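*Asks:* output the structure for:
(chains A and B)
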2 protein chains.
Amino acid sequence: MGKMSGLPSRAAHSVLHFLLFLASFAAAAQASSRSSNQGSAVVRNISTIPESNYGRGGLSHITIAGAVSHGMKEVEVWLQTFSPGSRTPIHRHSCEEVFVVLKGKGTLLLGSSSLKYPGQPEEFSIYSNSTFTVPVNDPHQVWNSDEYEDLQMLVIISRPPVKVFIYDDWNMPHTAAKLKFPYYWDEECFSQPKDEL
Amino acid sequence: MGKMSGLPSRAAHSVLHFLLFLASFAAAAQASSRSSNQGSAVVRNISTIPESNYGRGGLSHITIAGAVSHGMKEVEVWLQTFSPGSRTPIHRHSCEEVFVVLKGKGTLLLGSSSLKYPGQPEEFSIYSNSTFTVPVNDPHQVWNSDEYEDLQMLVIISRPPVKVFIYDDWNMPHTAAKLKFPYYWDEECFSQPKDEL
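*Replies:* Got it, this is the predicted structure:
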């Protein structure tokens, strides 16, 4: 206000209008940035990126760098936290996937892609400071099998956005698994904002 | 030794030879696993993955999941720690790259890919729990500009193994940047173990 106090009142009024215009523009830009414009900032604070369970109990999912939200074309990075007992569906996808376990422990269940159905899965212990890769198209499930502690992982996939085939159980034929695309966290951003004319 | 004490001495001798054979085989397997066989384990403890500075002072690099060492085809994940003051060369690569800052702070320097040379770089602050993406082919440098604290990041690239073009300075033409391929951490593993016949 100090510098503006010397302006004639008409000029001050114009400046005020201009500032209000700028403020409304900034607010609109911020509102639309949730989906489409996040990619514009070079450095982003992960704690300000939208987080949700996307309808799955016990999940916290953040898309750190994504195809839909940030314009990534070849890789996508998620931060996921599973509360004790929670798990992914049994699913497969035609992309590479790397997990880096930041906190907690759990179980990776890995079915077969060479049989006609996943079959009895192999079980692998996963734990803080471990990494694992799910082979392309192998049906799998990640489970926080711990009773007390959250399981937190960075998840990296290729070929985003992810196309997920979901199984009801380990005996469902691969051909019967249901495609979910766009996946839950990509869904919101696929719908373009309505034209408000 | 308790269970072996009842064996006749000749049998014990054979068993001893067999155990020595197994031990030498295990040692050889472990030695060769550094490069070629790391991909065989589904879950790997990151603290047991080879770590090196690969000739760059102040660097600690671990390939968490890589093309050369683990057979990745579409994504590669590194854990890198930069001591205070250390930095990458000024470089570019024709792939996507995502950073997730786990600890510390520093500076991202980002040059231009539309001029004939990188030019005066833009500077961006990077910090713990931030993420940033380097656009494909943009010349850049990551610098631990802090005086005291290590800067630790997970780095994700597409199209592995990485092909790096290195600049001497920000005014070097893009066409003069020198290709380094295979890159330092991929070099060791590209050389096949010698046939010891």
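*Asks:* please count neighbours and contacts with C-alpha atoms only from this point.
*Replies:* Fine.
*Asks:* next, name the residue at the spatial heart of chain A.
*Replies:* Nearest to the mean C-alpha position of chain A, counting by Cα atoms, centre = their mean, stands A:Thr63 at 3.1 Å.
*Asks:* need the pLDDT of the closest residue to that one other than its chain neighbours.
*Replies:* Spatially, and ignoring its direct neighbours in sequence, A:Thr63 is nearest to A:Trp78 (4.5 Å; Cα to Cα, 6 or more residues apart in numbering or on different chains). With respect to pLDDT, A:Trp78 has a value of 98.
*Asks:* shouldn't A:Trp78 be in contact with A:Ser69?
*Replies:* No. Counting by Cα atoms under 8 Å, A:Trp78 does not reach A:Ser69; the two are 11.8 Å apart.
*Asks:* coming back round to it: the helix or strand in which the residue nearest to A:Thr63 is found: partners in the sheet, and parallel or antiparallel?
*Replies:* Assigned by DSSP states H and E, A:Trp78 belongs to strand A:75-82. If you go by DSSP bridges, strand A:75-82 pairs up with strand A:59-65 (antiparallel), strand A:151-158 (antiparallel).
*Asks:* quick one: mean pLDDT for the shortest one?
*Replies:* For strand A:59-65, the per-residue pLDDT values average out at 98.
*Asks:* is A:Ile156 in contact with A:Glu97, as I believe?
*Replies:* Yes. Look at A:Ile156 against A:Glu97 with Cα under 8 Å: they come within range, at 5.5 Å.
*Asks:* before we move on, what SS does A:Glu188 have?
*Replies:* helix (DSSP: H, G, I helix; E, B strand; the rest coil).
*Asks:* contact partners for A:Glu96?
*Replies:* A:133-136, A:157-159, B:72-75 (Cα atoms under 8 Å, 6 or more residues apart in numbering or on different chains).
*Asks:* could these go into JSON lines alongside pLDDT and neighbour count?
*Replies:* Shown next, in JSON lines, are the contacts of A:Glu96 (pLDDT from 0 to 100; neighbours: other Cα atoms under 10 Å in any protein chain shown):
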{"residue": "A:Thr133", "pLDDT": "97", "neighbour count": "21"}
{"residue": "A:Val134", "pLDDT": "97", "neighbour count": "21"}
{"residue": "A:Pro135", "pLDDT": "93", "neighbour count": "19"}
{"residue": "A:Val136", "pLDDT": "96", "neighbour count": "14"}
{"residue": "A:Ile157", "pLDDT": "98", "neighbour count": "25"}
{"residue": "A:Ser158", "pLDDT": "98", "neighbour count": "24"}
{"residue": "A:Arg159", "pLDDT": "97", "neighbour count": "20"}
{"residue": "B:Met72", "pLDDT": "97", "neighbour count": "21"}
{"residue": "B:Lys73", "pLDDT": "97", "neighbour count": "16"}
{"residue": "B:Glu74", "pLDDT": "98", "neighbour count": "20"}
{"residue": "B:Val75", "pLDDT": "98", "neighbour count": "28"}
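*Asks:* dump these to CSV, plus distance to A:Arg87.
*Replies:* As requested, the contacts of A:Glu96 are exported to CSV (distance: Cα to Cα, whole Å):
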residue, distance to A:Arg87
A:Thr133, 17
A:Val134, 16
A:Pro135, 19
A:Val136, 20
A:Ile157, 18
A:Ser158, 21
A:Arg159, 23
B:Met72, 25
B:Lys73, 27
B:Glu74, 26
B:Val75, 24
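*Asks:* among those residues, which two are most distant?
*Replies:* Put simply, by Cα to Cα the two of those set farthest apart are A:Thr133 and A:Arg159, 15.1 Å from each other.
*Asks:* so where do the helices sit in chain A?
*Replies:* A:9-32, A:67-70, A:184-190 (DSSP state H).
*Asks:* can you tell me which of those helices the model trusts least?
*Replies:* Mean pLDDT is lowest for helix A:9-32 among those, at a mean of 46.
*Asks:* hmm, back to that, count the residues that sit near the residue nearest to A:Thr63.
*Replies:* Using other Cα atoms under 10 Å in any protein chain shown, A:Trp78 has 17 other residues around it.
*Asks:* got a list of what it touches?
*Replies:* Taking Cα under 8 Å, 6+ apart, one finds A:61-66, A:154-156 in contact with A:Trp78.
*Asks:* what of A:Lys116?
*Replies:* So A:Lys116 contacts A:173-174 (Cα under 8 Å, 6+ apart).
*Asks:* now do A:Thr88
*Replies:* Counting by Cα under 8 Å, 6+ apart, A:Thr88 touches A:141-143.
*Asks:* give me the buried subset of the residues you listed.
*Replies:* Buried subset of those (neighbour count, 16 or more other Cα atoms under 10 Å in any protein chain shown): A:141-143.
*Asks:* is it true that A:Ile64 touches A:Ile46?
*Replies:* Yes. In terms of Cα under 8 Å, A:Ile64 counts as a neighbour of A:Ile46; the distance is 6.7 Å.
*Asks:* those two: who's more crowded?
*Replies:* Set side by side, A:Ile64 and A:Ile46 show more neighbours around A:Ile64, with 28 against 20, by other Cα under 10 Å.
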